[in-house]
Each structure stands twice: as structure tokens, then as C-alpha cells.
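Q: Make a model of this:
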Amino acid sequence: MIIRRELPADIEVTREVTAAAFRTAPHSAPPVEPNGDPGEATLVSWLRDDDSWIPQLSMVAVEGDLVVGHVVATRAYVDAEPVLGLGPVSVLPDHQRSGTGTALMHAVLGAADALDEPLVGLLGDPAYYRRFGFVPAPSLGVTAPDPSWRDAFQVRTLTSYDGQTGTFRFAAPFGRL
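A: Model prediction:
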């Protein structure tokens with residue numbers, strides 16, 4: 001398996017991977033299009049069309065000629081300070097629990113750090129994301145966009161972190177779900 005930047009030829013397959021990954025996920029977003037795909041698949045398309053899209057942080061996992069996973073981080077803010085919002089992270093169901101998600105996470109966090117991004121926020125399972133250095137956002141003075149998210153909203157600092165605190169705001173397309 002290799003991790004590389006998403007190419008234009010990957011756009012449709014990335015949507016298919018995201019739809020497959022979230023189709024049976026317990027907390028997936030409801031469909032927002034008539035095709036019935038989970039909301040996360042549409043979200044990736046909306047993000048790609050938004051100013052928050054950072055092409056260097058849209059990455060795919062490839063085995064042979066098959067894209068088996070995708071991750072994206074987009075521009076977000078803590079108050080007025082630019083940071084990153086991570087997600088969705090998607091792996092084809094028959095490739096889950098094989099290290100693909102871990103590889104994608106390490107790649108996107110390393111790339112974000114190399115781009116001098118200070119902090120990454122996400123909504124997800126604390127038991128899973130803790131292994132990548134994510135902590136409950138309030139422990140660093142970052143407030144979730146939605147208080148009901150509690151410990152599922154987490155942040156991870158990167159090398160250029162300089163104590164950013166305040167309210168986290170994902171890219172606008174997240175609010176459409």
C-alpha cells in the first residue's frame with residue numbers, strides 16, 4: 001500500500017470509497033442527495049468545491065491500482081486563527097482494520113505539520129483517535145462548534161502550535177450536513 005496525494009482521476013472513486021465506508025457506520029450522516037449515499041460522500045464533494053480545500057491534504061491509500069482509502073483536512077478556524085478540520089477518513093469496508101486508516105492518519109498529520117499548520121480538530125471516536133495524539137478539545141481551551149459533541153470533538157497540536165484557544169469552526173460545508 002502507498003499513500004499519495006489525490007489526483008483528479010481519483011475524485012469519483014474517492015466518493016465511492018467514502019460512501020462505502022460510511023454506508024454501515026453507526027454515526028454516519030444521513031443522505032443529502034437522492035442517490036442515497038451517506039452525507040460524508042457528498043461532504044467531500046462540497047469541500048472540494050469550497051475555498052477551504054487544501055489539495056496537499058487530500059490523500060488516498062492505494063493497493064495495486066485500487067484506491068482503498070481517503071482522508072482530507074480542510075481549512076478551519078479557532079476564533080480567527082487558521083487551523084485544520086480533519087475528515088472524513090474513509091477506508092473500504094473490506095480493508096478496514098488492516099492499518100489503512102492508521103497510515104492515512106499518519107500521512108495527513110505529517111503533511112499538515114510540514115505545512116506549518118498549528119492544530120487539527122475532528123469529530124470522532126476518542127478511543128480510536130487518542131492513538132494519534134488527539135485529546136478532548138476543552139483540555140486545550142478549544143470549544144466545540146456543538147456542545148453536544150462532548151469528548152467526541154478532539155484536537156491535536158502540531159509543531160507550530162502556539163496556544164490557540166477559542167471556538168472551533170469547521171469549513172462551511174460541514175454545516176450543510
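
Q: With adjacent residues omitted, what lies nearest to the residue most central in space within the chain?
A: Residue closest to the average C-alpha location in the chain (Cα atoms, centre = their mean): Gly87, at 1.4 Å. Of all residues not flanking Gly87 in the chain, Leu122 sits nearest, at 5.3 Å (Cβ to Cβ, 6 or more residues apart in numbering). Heads up, the C-betas are built off the backbone N, CA and C, glycines and all.

Q: any idea how far that neighbour lies from Leu92?
A: 20 Å (Cβ to Cβ, to the nearest Å).

Q: These two: which has the busier surroundings?
A: Applying other Cβ atoms under 10 Å to Leu122 and Leu92 shows that Leu122 carries more neighbours, namely 25 against 20.

Q: helix, strand or coil for that one?
A: Under DSSP: H, G, I helix; E, B strand; the rest coil, Leu122 falls in the strand class.

Q: quick one: contacts for Val83?
A: 76-77, 117-121, 164, 168 (Cβ atoms under 8 Å, 6 or more residues apart in numbering).

Q: Name the residues of the top helix by length along the chain that are buried.
A: Longest helix in the chain, counting residues (DSSP state H): helix 100-114. Buried residues in helix 100-114, counting neighbours by 16 or more other Cβ atoms under 10 Å, are found at 100-101, 103-105, 107-109, 111-113.
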